[in-house]
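J.: Sequence first, predicted model second:
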There are 2 protein chains.
Amino acid sequence: METIGHFLDGLASAQPTPGGGGAAAISGAMGAALVSMVCNLTIGKKKYAAVEDELRQVLARAEDLRAALTGMIAEDVAAFDAVMGAYGLPKGTDDEKTARAAAIQVALRQATDVPLACCRACRAVIDLAEIVADKGNLNVISDAGVAVLSAHAGLRSAALNVYVNAKAIEDRAFAQSRLDELEDLLAGAGDLNETTYAVVKNKLV
Amino acid sequence: METIGHFLDGLASAQPTPGGGGAAAISGAMGAALVSMVCNLTIGKKKYAAVEDELRQVLARAEDLRAALTGMIAEDVAAFDAVMGAYGLPKGTDDEKTARAAAIQVALRQATDVPLACCRACRAVIDLAEIVADKGNLNVISDAGVAVLSAHAGLRSAALNVYVNAKAIEDRAFAQSRLDELEDLLAGAGDLNETTYAVVKNKLV
């Protein structure tokens, strides 16, 4: 896997990938990792024995989400490249035009589903961050706050790519089903972000 | 520099560093990089000639901020390690106790100023993201939205570390001066994040 500096160089460059979709996946993965960190620094401490079983389950889910989100960094590049590749297909004959248009639509559906999966994972991380902000080791509770902020930024960032690609999909029933799920994922996420951040901040100041 | 996967492994582990401060710096650096990306894909296009000079200046500032924020990933670890190191100093004699207490205070001031510098840089990235969301190439305008979300998450994440460390500083005038600057940096940042996100979303849907 590439270095952080190399990824940031690629992000800043005039190359279209990596772009905001990859940044969204990293934000979500950092959120998941920080949920895991709080769990790892809470589990095994006598003072937190009452929440140990619950945080073991949170840790397992956070690590699954971190793996999925880390994989989405590359999936986002592949989905974008597939769309660009489809637009680059020949369009000299009617048959070529038909094949190209169909290939673009296939690629756009994939390029909608990849960021939607990122939104789904980020929303799950937000829900886990709420638990660790409430029950995690007070000494590292600020990391629960960073977890929710990162995952929420990842959710809203990936949402922008769902909007962009869903707009160009001709199968409006497909597009609308994705937009409906996205609204469900976004619903309440902002409030959960703010209440979790407030819980953390009140434990700090 | 380490790989993204290795950084995330360290973030998730029971080791205290890297932690939320490093994640905040990466969020800010991703925001700066995405501002640069939008500039790089706008500059030189005939359609955007009218904003080219302004975006060249934005690009130069964004690249300076990206370099600074990338450096803060390591600075955050060093500042945390210095605090832990000071707490680990011997405290057998009165002289040792005095020296240890002084060393802790020096380290805490540094551990407050490092995340405050991250907040300052993230706030500057938010201000640049607002410009590129308004004037950047429409084809990559979603990246301006991700830029502002990432930088805003970085700002609020680093703020939590300012709160944690400022609280333990005995020189209350020093601590209050940092908390006052922090409130100035946070003031209006949430509104700017929402208005910039709305500008981007309205161009997409």
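T.: That came through fine.
J.: alpha carbons only for contacts and neighbour counts from here, please
T.: Fine.
J.: Is the residue minimising distance to the centre of chain A part of a helix or strand, or is it coil?
T.: Taking Cα atoms, centre = their mean, the centroid of chain A lies closest to A:Cys118, which sits 3.4 Å from it. Three-state assignment for A:Cys118 (DSSP: H, G, I helix; E, B strand; the rest coil): helix.
J.: before we move on, what about A:Ala124?
T.: Under three-state DSSP, the three-state class of A:Ala124 is helix.
J.: burial count for the residue of chain A at minimum distance from chain B?
T.: Per Cα to the nearest Cα, A:Thr3 is where chain A lies closest to chain B, at 3.7 Å. Using other Cα atoms under 10 Å in any protein chain shown, A:Thr3 has 15 other residues around it.
J.: right, and it touches B:Thr70 too?
T.: No. Contact between A:Thr3 and B:Thr70 fails when scored by Cα atoms under 8 Å: they sit 11.8 Å apart.
J.: Just want to check the distance between the residue of chain A most remote from its centre and A:Arg100.
T.: Computed with Cα atoms, centre = their mean, the residue of chain A farthest from its C-alpha average is A:Thr93, at 40.1 Å. Using Cα to Cα, to the nearest Å, one gets 10 Å for the distance from A:Thr93 to A:Arg100.
J.: residues touching the residue nearest to the centre of chain A, list them.
T.: Counting by Cα atoms under 8 Å, 6 or more residues apart in numbering or on different chains, A:Cys118 touches A:Ala24, A:Ala25, A:Gly28, A:Leu69, A:Met72, A:Gly154, A:Leu155, A:Ala158.
J.: mind running it again at 7 Å?
T.: Contact analysis of A:Cys118 by Cα atoms under 7 Å, 6 or more residues apart in numbering or on different chains lists A:Ala25, A:Leu69, A:Leu155, A:Ala158.
J.: What sits closest to the residue of chain A closest to chain B if chain neighbours are left out?
T.: For A:Thr3, ignoring the flanking residues on the chain, the nearest one in space by Cα to Cα, 6 or more residues apart in numbering or on different chains is B:Thr3 at 3.7 Å.
J.: Give me the local confidence score for that neighbour.
T.: On pLDDT, B:Thr3 comes in at 94.
J.: Chain B contacts on chain A?
T.: Residues of chain A found near chain B (Cα under 7 Å from any Cα of the partner chain) are A:1-5, A:8, A:11-14, A:19-20, A:23, A:30, A:33-34, A:36-37, A:40-41, A:142-143, A:146, A:149-150, A:153, A:157, A:160, A:163-164, A:167, A:201, A:204-205.
J.: from those residues, which ones fall inside helices?
T.: A:4-5, A:8, A:11-12, A:20, A:23, A:30, A:33-34, A:36-37, A:40, A:142-143, A:146, A:149-150, A:153, A:157, A:160, A:163-164, A:167, A:201, A:204 (DSSP state H).
J.: Go ahead and confirm A:Val162 touches A:Ala117.
T.: No. A:Val162 is beyond contact range of A:Ala117, at 9.8 Å (criterion: Cα atoms under 7 Å).
J.: Of the two, which one has the most company?
T.: More crowded of A:Val162 and A:Ala117, by other Cα under 10 Å: A:Val162, with 27 against 20.
J.: if we can go back for a sec, could you measure the residue farthest from the centre of chain A against A:Ala99, distance?
T.: To A:Ala99, A:Thr93 is 10 Å away according to Cα to Cα.
J.: swap in A:Pro16?
T.: For A:Pro16, the distance to A:Ala99 equals 25 Å [Cα to Cα].
J.: now A:Asn193
T.: According to Cα to Cα, A:Asn193 and A:Ala99 sit 44 Å apart.
J.: Now A:Leu59: closest residue in space that isn't a chain neighbour?
T.: A:Ser36 (5.2 Å).
J.: returning to that earlier point: how far away is the residue nearest to the centre of chain A from A:Ala158?
T.: Per Cα to Cα, A:Cys118 is found 6 Å from A:Ala158.
J.: What is the burial count for A:Val114?
T.: Number of residues near A:Val114 (other Cα under 10 Å) recorded here: 23.
J.: got a list of what it touches?
T.: A:Glu75, A:Asp76.
J.: Same question for the one 5 residues further on.
T.: A:Cys119 makes contact with A:Leu155, A:Ala158, A:Ala159 under the criterion Cα under 7 Å, 6+ apart.
J.: mind redoing it with 6 Å?
T.: A:Cys119 sits next to A:Leu155, A:Ala158 when contact means Cα atoms under 6 Å, 6 or more residues apart in numbering or on different chains.
J.: how far away is it from A:Gly154?
T.: The spacing between A:Cys119 and A:Gly154, counted by Cα to Cα, is 7 Å.
J.: And for A:Ile104?
T.: Going from A:Ile104 to A:Gly154 by Cα to Cα gives 26 Å.
J.: neighbour count winner among these two?
T.: Shown here are A:Ile104 and A:Gly154; by other Cα under 10 Å, A:Gly154 has more neighbours (35 against 21).
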